[in-house]
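In: Using only what follows, build the 3D model:
(2 chains)
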Amino acid sequence: AQSVTQPDIHITVSEGASLELRCNYSYGATPYLFWYVQSPGQGLQLLLKYFSGDTLVQGIKGFEAEFKRSQSSFNLRKPSVHWSDAAEYFCAVGQGAQKLVFGQGTRLTINP
Amino acid sequence: GAVVSQHPSRVICKSGTSVKIECRSLDFQATTMFWYRQFPKQSLMLMATSNEGSKATYEQGVEKDKFLINHASLTLSTLTVTSAHPEDSSFYICSASKGDGELFFGEGSRLTVL
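Out: I've put the predicted structure just below:
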């Protein structure tokens, strides 16, 4: 069965610091991997996705993620966070865009 | 990018009444839409897959008679929470697929049942 684990429920970083949000998945085939961001009371916005090819993918808002098949991971990174990055981040896995399974989410707090 | 809109964004209803939530793809046709439920500070749980012109496919544990889904056109899917009770209070989010490997999410609808 598909599953996604985001080990960190809540992360706090200082503005300007680097960020890495962890995501591990379990999937029987080559996964399609996604990172979404959700602001309070809002829907989800796609940050980036990996289907195939280059394992380092670039997304919007300066985010990137690296697919590591050997570690079943798809960690999200940003070199320097901004206060506006405070939100909930969800990693998801699926087959194409069908029936995504989401991780538990990581809440990011930014200290000024 | 593609836009998916949900309406209403917030709804409060009395216990025992039914509530309908609409999900529209505004600038593309969506053969498949998905309905998720999100409890406070938790992840999204897929409730059902809605296919235009056919019956929805419900996930295990989701009551199909409680959560009625209709996908009557390529741009509209509706979720009706029938005989709502306080435990149905939640944030409901829809998403739509253009068929190119990406999902677009609505803004979500917060249901509060008194």
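
In: mind checking pLDDT for the residue most central in space within chain B?
Out: In chain B, the centroid-proximal residue (Cα atoms, centre = their mean) is B:Trp35; its distance is 3.9 Å. With respect to pLDDT, B:Trp35 scores 95.

In: try the one 10 residues further on
Out: Predicted confidence (pLDDT) for B:Met45: 91.

In: I'd assumed B:Ser83 was in contact with B:Lys66.
Out: Yes - B:Lys66 sits in contact with B:Ser83 when judged by Cβ atoms under 8 Å, with a separation of 7.3 Å. C-beta here means a position set from N, CA and C on the backbone, and glycine is covered the same way.

In: one step back: quick one, what contacts the residue nearest to the centre of chain B?
Out: When contacts are counted by Cβ atoms under 8 Å, 6 or more residues apart in numbering or on different chains, B:Trp35 is found next to B:Cys23, B:Leu46, B:Met47, B:Ala48, B:Ser50, B:Phe67, B:Ile69, B:Ser77, B:Leu79, B:Tyr92, B:Ile93, B:Cys94.

In: any idea how far A:Ser70 is from A:Asn24?
Out: 12 Å (Cβ to Cβ, to the nearest Å).

In: higher neighbour count, these two?
Out: A:Asn24 (18 against 5; other Cβ atoms under 10 Å in any protein chain shown).

In: if I pick that one, what's in contact with it?
Out: Each residue near A:Asn24 by Cβ under 8 Å, 6+ apart is listed here: A:Val4, A:Thr5, A:Gln6, A:Pro7, A:Gln71, A:Ser72, A:Ser73, A:Phe74.

In: do A:Val37 as well
Out: When contacts are counted by Cβ under 8 Å, 6+ apart, A:Val37 touches A:Leu44, A:Gln45, A:Leu47, A:Lys61, A:Ala87, A:Glu88, A:Tyr89, A:Phe90.

In: do you know how far the third one is from B:Leu46?
Out: When you say that, I think you mean A:Leu47. Distance check for A:Leu47 against B:Leu46: by Cβ to Cβ, it reads 20 Å.

In: what about the chain, any weak spots by pLDDT?
Out: Reading this off chain A. Screening chain A residue by residue with the criterion pLDDT under 70, one finds the ranges A:96-97.

In: wrong one, I was asking about chain B
Out: Flagging of chain B using pLDDT under 70 yields the residue ranges B:1, B:101.

In: which residues in chain A form strands?
Out: A:3-5, A:10-14, A:19-21, A:24-26, A:32-38, A:44-50, A:56-58, A:64-68, A:73-78, A:87-95, A:98-102, A:106-111 (DSSP state E).

In: Please list the residues of chain B that sit near chain A.
Out: The interface of chain B toward chain A, taken as Cβ under 8 Å from any Cβ of the partner chain, is made up of B:4, B:6, B:32, B:34, B:41-46, B:49, B:91, B:93, B:95, B:97, B:99-108, B:110.

In: Out of those residues, which end up buried?
Out: With neighbours counted by 16 or more other Cβ atoms under 10 Å in any protein chain shown, the residues of chain B next to chain A contain buried members at B:4, B:6, B:32, B:34, B:43-46, B:49, B:91, B:93, B:95, B:97, B:102-108.

In: Take the residues you listed and keep only those in strands.
Out: Among these, the members found in strands (DSSP E) are B:4, B:6, B:32, B:34, B:44-46, B:49, B:91, B:93, B:95, B:97, B:103-105.

In: Cheers, nothing more for now.
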